[in-house]
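Visitor: The sequence and its predicted three-dimensional model are supplied below.
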Amino acid sequence: MAKTIVVVEDLIFLSRIQQTAKLVNAEVETARLDELPARLSGAPVRAIILDLNHRSGCAVQALRTLKSDPSTENIPVIGFVSHVQGDVVRAAREAGCDTVMARSAFVQKLSELLQQYK
């Protein structure tokens, strides 16, 4: 079964994603931002869920790298931001993020998104 890679540091929020995945029978696997390239070289990946407010401040750069690599450029990336941050949203879209949404909208659509990419 193809999986969705989740790059989220907030453990409570990560737990919510994992619980929702179980409810909709979607396979998710967590990854640290720095190990994302290695995780993409294994089993098929359906999508990546990326916290654009990653504490490292490198989420958009990691996204840019991912989307510039021919072997990973077509993997859909769903990015979310904690608050409406126009600069982060704009940078993520320019870097190739397929879907960018506020964290609240992401939570509301989480079940639907996981079903879409399972």
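Guide: Thanks, I have the structure now.
Visitor: how about residue 4, secondary structure?
Guide: For residue 4, the assignment made with DSSP: H, G, I helix; E, B strand; the rest coil gives strand.
Visitor: Which strands or helices does the lowest-mean-pLDDT helix or strand in the chain pack on?
Guide: Counting by mean pLDDT, DSSP states H and E, the weakest-scoring helix or strand in the chain turns out to be helix 36-39, with a mean of 86. Other elements packing on helix 36-39 under the criterion 3 or more Cβ pairs under 8 Å, 6 or more residues apart in numbering; DSSP states H and E are strand 3-7, helix 59-68. (Each C-beta comes from the backbone N, C-alpha and C, glycine too.)
Visitor: And the average pLDDT for the following helix or strand past the shortest one is what?
Guide: On the C-terminal side of strand 3-7, the closest following helix or strand by DSSP states H and E is helix 11-23. Per-residue pLDDT values over helix 11-23 give a mean of 95.
Visitor: could you check the angle strand 3-7 makes with helix 11-23?
Guide: 170 degrees (axes from the mean of the first three to the mean of the last three Cα atoms, to 10 degrees).
Visitor: what residues does the next helix or strand after helix 11-23 touch?
Guide: From helix 11-23 onward toward the C-terminus, using DSSP H and E, the following helix or strand is strand 28-30. Strand 28-30 is contacted from outside by 3-8, 14, 17-18, 21, 39, 49, 114, using Cβ atoms under 8 Å, 6 or more residues apart in numbering.
Visitor: What pairs with strand 28-30, parallel or antiparallel?
Guide: According to DSSP bridges, strand 28-30 forms sheet pairs with strand 3-7 (parallel).
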